[in-house]
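Chemist: coordinates only, sequence not included:
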């Protein structure tokens, strides 16, 4: 994760100017110790040997060292070139050179087996160049993991498929243990943060997923610190729980490079704790909220908590 942040005035909250980046270093609660032991090196070897991508690396996740040392990772399928250019995301955007790799699902399953995982998270870039957005590859990846490691639970973090309900049905029919789709931010900021996406379309996806498989936990996540107000966060949380969303993750946005959106403010851990409590009161079965929380961080524990309702 890049260590430099450009801080803009927070005009959407109190209106007070935030000091520029060089005068406003990353707060102590965002300092992360990097873990790079034997497990980390072994997992990296497996990924490179099987020519696989992880969102841990592509999105420059601050928890990569910790998660990899614990032998957990989020696989990123459908290549490493995204057809969209979200202003917060470090994944390379552009036009993919060709169709999805038909052999990728089996390689992901092989990695899950070699890593001896009990919980695998599978996400992807956006593939708007494909008629189904890559839904069939998602379904085949779930099936391949189940064939090799039947006891392993599988969570998928899917794109919006441009609102294609048939594509969503393909993924749900493969019976993932958790279906995740991140709304990322509040509706007002979509044009700046998620060009090409629509908040209402993401809400509909989450609603349809729950309708298609009522017992399957449905999950979403948001980044804070992009200029949203407290009222907007709470309103969005209410919209999400009204669609039947079970699990909510809230984390601090961190600027991956100087070319990406700047951080407007660093949200204090006490504020995340408040959102956690309010989210539970709203009806989410589980809320994971904190500065370093990412969608797949402690995903296994999130899934367990959602099933237990704690």
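Modeler: Structure's in. What do you need? Everything quoted here is computed from the prediction, not taken from an experiment.
Chemist: I'd like the mean pLDDT over stretch 207-225, please.
Modeler: Regarding stretch 207-225, the rounded mean pLDDT is 97.
Chemist: And for stretch 265-275?
Modeler: Taken as a whole, stretch 265-275 carries a mean pLDDT of 97.
Chemist: cool, and stretch 112-130?
Modeler: The predicted model gives stretch 112-130 an average pLDDT of 90.
Chemist: And the strands in the protein?
Modeler: With strands called from DSSP state E, the chain shows them at 53-54, 74-77, 119-124, 153-157, 178-180, 218-224, 247-252, 286-289.
Chemist: want to throw those into JSON lines with distance to residue 211 and mean neighbour count?
Modeler: Glycine gets a C-beta too; all of them are placed from N, C-alpha and C. Formatted as JSON lines, the strands of the chain follow (distance: least, Cβ to Cβ, whole Å; neighbours: other Cβ atoms under 10 Å):
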{"stretch": "strand 53-54", "distance to residue 211": "31", "mean neighbour count": "22"}
{"stretch": "strand 74-77", "distance to residue 211": "25", "mean neighbour count": "26"}
{"stretch": "strand 119-124", "distance to residue 211": "22", "mean neighbour count": "25"}
{"stretch": "strand 153-157", "distance to residue 211": "17", "mean neighbour count": "24"}
{"stretch": "strand 178-180", "distance to residue 211": "12", "mean neighbour count": "25"}
{"stretch": "strand 218-224", "distance to residue 211": "10", "mean neighbour count": "26"}
{"stretch": "strand 247-252", "distance to residue 211": "17", "mean neighbour count": "24"}
{"stretch": "strand 286-289", "distance to residue 211": "20", "mean neighbour count": "24"}
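Chemist: need these in CSV with distance to residue 131, can you?
Modeler: Formatted as CSV, the strands of the chain follow (distance: least, Cβ to Cβ, whole Å):
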stretch, distance to residue 131
strand 53-54, 22
strand 74-77, 17
strand 119-124, 15
strand 153-157, 19
strand 178-180, 21
strand 218-224, 25
strand 247-252, 30
strand 286-289, 34
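Chemist: and residue 165, which of these is closest to it?
Modeler: strand 178-180 (13.8 Å; Cβ to Cβ).
Chemist: Give the other helices and strands that the closest one contacts.
Modeler: If contacts are counted by 3 or more Cβ pairs under 8 Å, 6 or more residues apart in numbering; DSSP states H and E, strand 178-180 sits against strand 153-157, strand 218-224, helix 299-308.
Chemist: Quick one: the ones you listed as TSV, columns for distance to residue 143 too.
Modeler: What follows is the helices and strands packed on strand 178-180, written out as TSV (distance: least, Cβ to Cβ, whole Å):
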stretch	distance to residue 143
strand 153-157	10
strand 218-224	20
helix 299-308	19
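Chemist: Out of those, which gets nearest to residue 268?
Modeler: Among the helices and strands packed on strand 178-180, strand 218-224 comes nearest to residue 268, with 10.4 Å by Cβ to Cβ.
Chemist: Identify the residues contacting that closest one?
Modeler: 88, 155, 178-186, 202, 206, 209-210, 233, 236, 240, 243-253, 267, 271-272, 294-295, 302, 306 (Cβ atoms under 8 Å, 6 or more residues apart in numbering).
Chemist: which regions of the stretch 1-150 of the chain lie under the pLDDT threshold?
Modeler: In the predicted model, the stretch 1-150 of the chain carries pLDDT under 70 at residues 1-24, 32-44, 47-48, 51-73.
Chemist: What's the separation between the spatially most central residue of the chain and residue 213?
Modeler: In the chain, the centroid-proximal residue (Cα atoms, centre = their mean) is residue 295; its distance is 3.9 Å. Distance, residue 295 to residue 213, by Cβ to Cβ, to the nearest Å: 19 Å.
Chemist: how about the helices in the stretch 151-300 of the chain?
Modeler: 165-173, 190-193, 199-212, 230-242, 269-282, 299-308 (DSSP state H, counting those that start in this stretch).
Chemist: Now the phi/psi pair for residue 89, please.
Modeler: phi -100, psi 140 (degrees, to the nearest 10).
Chemist: can I assume it is in contact with residue 123?
Modeler: No. If you go by Cβ atoms under 8 Å, residue 89 and residue 123 don't touch, sitting 11.7 Å apart.
Chemist: got any ranges where the stretch 151-300 of the chain has weak pLDDT?
Modeler: Counting by pLDDT under 70, the stretch 151-300 of the chain contains low-confidence ranges at 297-300.
Chemist: any idea how far residue 164 lies from residue 131?
Modeler: Using Cβ to Cβ, residue 164 is found at 9 Å from residue 131.
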